[in-house]
Every structure is written in C-alpha cells, then in structure tokens.
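In: Test case, fold it:
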Amino acid sequence: MSNSFEITFLGTGTSIGVPVIGCECAVCTSDDPKNQRLRSSIYVQTPEIKLVVDTGPDFRQQCLRENIAELDAAVFTHEHSDHIMGFDDLRRFTVRDHESVEIFALPETMRRLEVAFDYVFNGENRYIGYLKPIPHEISGRFEIGDLEITPLPVTHGKVETIGLLFSQKEEARLAYIPDAKKLAPESVEQIQGAPVLILDALQPNEHPTHLSIPESVEIARASCAGQTWFTHFSCRADYRVIEPDLPEGIRMAWDGLKIRL
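Out: Numbers count the residues shown, from 1 in each chain. Got it, this is the predicted structure:
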C-alpha cells in the first residue's frame, strides 16, 4: 500500500537494560520474554524509507534479531549513551562504495557523535566497508522519503531531548517520545489524536528525569491517541503485574512488537 507504515520495537528497556547486571529481582529473574528488554529504539518502514530512531549499544543484536538488511536513515532523540553508542554498527548499511546513510540529530547530539566517532566524520575513511554518513542537524520539521518528521521538545534531565511526530501525506501516524519527564506545551498539542503514541513510562514510582507509569497514563488519556504503547522500562516495571491493570487503549510494549498502520 502506498501509505503503509510499520513500527518495530527494537528495544523497550532503560539505559542499563533488563535484566540488570547483578540484579536478582522478580523481573530480572523472570523467564517472561516481555520482561527482557534491550535498550529503547524503533525501526520504521514505509514504501519509500526505512529508518531507525536511536542506535543504542544493542543495535547490532537488534538488527540480527529482526533480520534488518536495509536502512536509509538514523534519527536521534538525544545524546545519552544508551541512544547513540551503537552508531558504528550503521557501517553494515554503507558497505559498498556508493552507499551512505543519512543522520539526523540536534546540533548538540551531532557534536557528541562527531567527538565519539571522529573517524566516521573526519572525511578520511570513506572507503568500501566503512560507515559513510550524511549528517543533517535538526532545527525544525524535516522530511525523509515519504515522511515528514516534527521534533517534539521535551524535558529530560539536563540534556536537550526531543520526541518525534511522524506524518505521511500530511496525516499524523506516530508520536514517539522515549525519554521525557515533561512535554513542552507545543508537544502536548501536536500529539493530540495521534493514531499511535509511544511514550516513556519508566516504572510505577516517580523518577527525576523520566515519566512514571501513572504520569504517562495521564498524558495518554489527555492525548486522545488511537492507541498508546509504553516503553523505556526499568526492572521495576513487571509486565505480568502492570499490563493487566492499564486503562483501555494503553499497553506495555515489548521487544520485537510490530505495529502496522
């Protein structure tokens, strides 16, 4: 279909993943695959474009699990390590001499990428088999293939962070906000009525830099989104306990979940 849109959850975990190293809580020792979470990221496919949002340290493993063989672009929400440190694994998608991948990030996030991966950006290593990026700094709404993407300002600690609103043929399709404590007023307005809202919901109790599950429920209800999926969970979020009690239309996502519109 000319306007098909598919989302794959590559990961739904917080910055240290779940299970957590050395933790013996009920979630970290659970054999439920929905309680086993790689770092948060999504893969978006349309008839014209294939892109990833954030490349955390699990990016290679996520691509292998989902059999991802094509990628046109990578979009970054912010510069924290759990969202950028798999960047070098993008090289697999620029193997041949003529291949490149478009990179979209806020100026500060782009600077962090350039420092961490200087050998990629310094222009001296554009060989066969190496990562060949085409960087674009995000300063407002931008387009990739048949998608229009609007940055959604949010508060997330001391780092400038955005969510993303994806539209196709001027029709909103997805609002993705994986890391946030508060949404800017314009972001709240722009997610109204989105067919799909994917929202940070770290854990049941309050956190200084992430939305808690009760806080995210309030935002989801106010957004009137067609369907809401929570993501970016810590090991305090037990799928078996929390999912059954969520309001109608609000669900907990899990690694490998696919949503098709």
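In: worst-scoring helix or strand of this protein, pLDDT-wise?
Out: For the chain, using mean pLDDT, DSSP states H and E, the weakest element among its helices and strands is helix 118-121, scoring a mean of 93.
In: For the helix or strand following it, buried residues please.
Out: Read in the C-terminal direction, the helix or strand following helix 118-121 is strand 133-137, with elements assigned using DSSP states H and E. Buried positions in strand 133-137, judged by neighbour count with 16 or more other Cβ atoms under 10 Å: residue 133. Just so you know, the C-beta spots here come from the backbone N, C-alpha and C atoms, and that holds for glycine as well.
In: now strand 133-137, how far from the centre of its chain.
Out: A distance of 18 Å separates the C-alpha centroid of strand 133-137 from that of its chain, computed with Cα atoms, centre = their mean, to the nearest Å.
In: List of residues touching it?
Out: When contacts are defined by Cβ atoms under 8 Å, 6 or more residues apart in numbering, strand 133-137 is touched by residues 90, 94, 100-107, 110, 113, 120-121, 142.
In: picking up where we left off before, got the CA positions of the least confident helix or strand of the chain in CSV?
Out: Taking only C-alpha atoms (Å, rounded to 0.1, in the frame of the first residue of the first chain), the coordinates of helix 118-121 have been written out as CSV:
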residue,chain,number,x,y,z
ASP,A,118,35.6,11.2,14.9
TYR,A,119,37.0,8.6,12.4
VAL,A,120,33.5,8.5,10.9
PHE,A,121,33.0,12.2,10.4
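In: For that helix, buried residues please.
Out: Applying 16+ other Cβ under 10 Å to helix 118-121 flags 120, 121 as buried.
In: packing partners for that helix?
Out: The elements that helix 118-121 packs onto, with contact taken as 3 or more Cβ pairs under 8 Å, 6 or more residues apart in numbering; DSSP states H and E, are helix 107-116, strand 133-137.
In: All the strands of the stretch 51-200 of the chain, residue numbers only.
Out: In chain order, the stretch 51-200 of the chain shows strands spanning 73-75, 101-105, 133-137, 142-144, 147-155, 161-168, 171-177, 182-183, 196-200, with DSSP state E, counting those that start in this stretch as the criterion.
In: Can you turn the buried subset of the contacts of strand 133-137 into a selection I can paste into PyMOL?
Out: Selection of buried members from the contacts of strand 133-137 for PyMOL, criterion 16+ other Cβ under 10 Å:
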select buried, resi 90+94+100+101+102+103+104+105+106+110+113+120+121
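In: if we can go back for a sec, residue 19: which of the strands of the stretch 51-200 of the chain is closest?
Out: Taking Cβ to Cβ, strand 196-200 is the member of the strands of the stretch 51-200 of the chain nearest to residue 19, at 20.0 Å.
In: and the helix or strand following that closest one with strand 196-200, angle?
Out: If you walk from strand 196-200 toward the C-terminus, the next helix or strand you reach (DSSP H and E) is helix 213-223. Put simply, helix 213-223 runs at 150 degrees to strand 196-200, going by axes from the mean of the first three to the mean of the last three Cα atoms, to 10 degrees.
In: which residue is nearest the centroid of this structure?
Out: What sits nearest the mean C-alpha location of the chain, by Cα atoms, centre = their mean, is residue 41, with 3.6 Å.
In: how many other residues sit next to the residue nearest to that residue when sequence neighbours are not counted?
Out: When the adjacent residues along the chain are set aside, residue 41 lies closest to residue 10, with 4.1 Å between them (Cβ to Cβ, 6 or more residues apart in numbering). Residue 10 has 28 neighbours, counted by other Cβ atoms under 10 Å.
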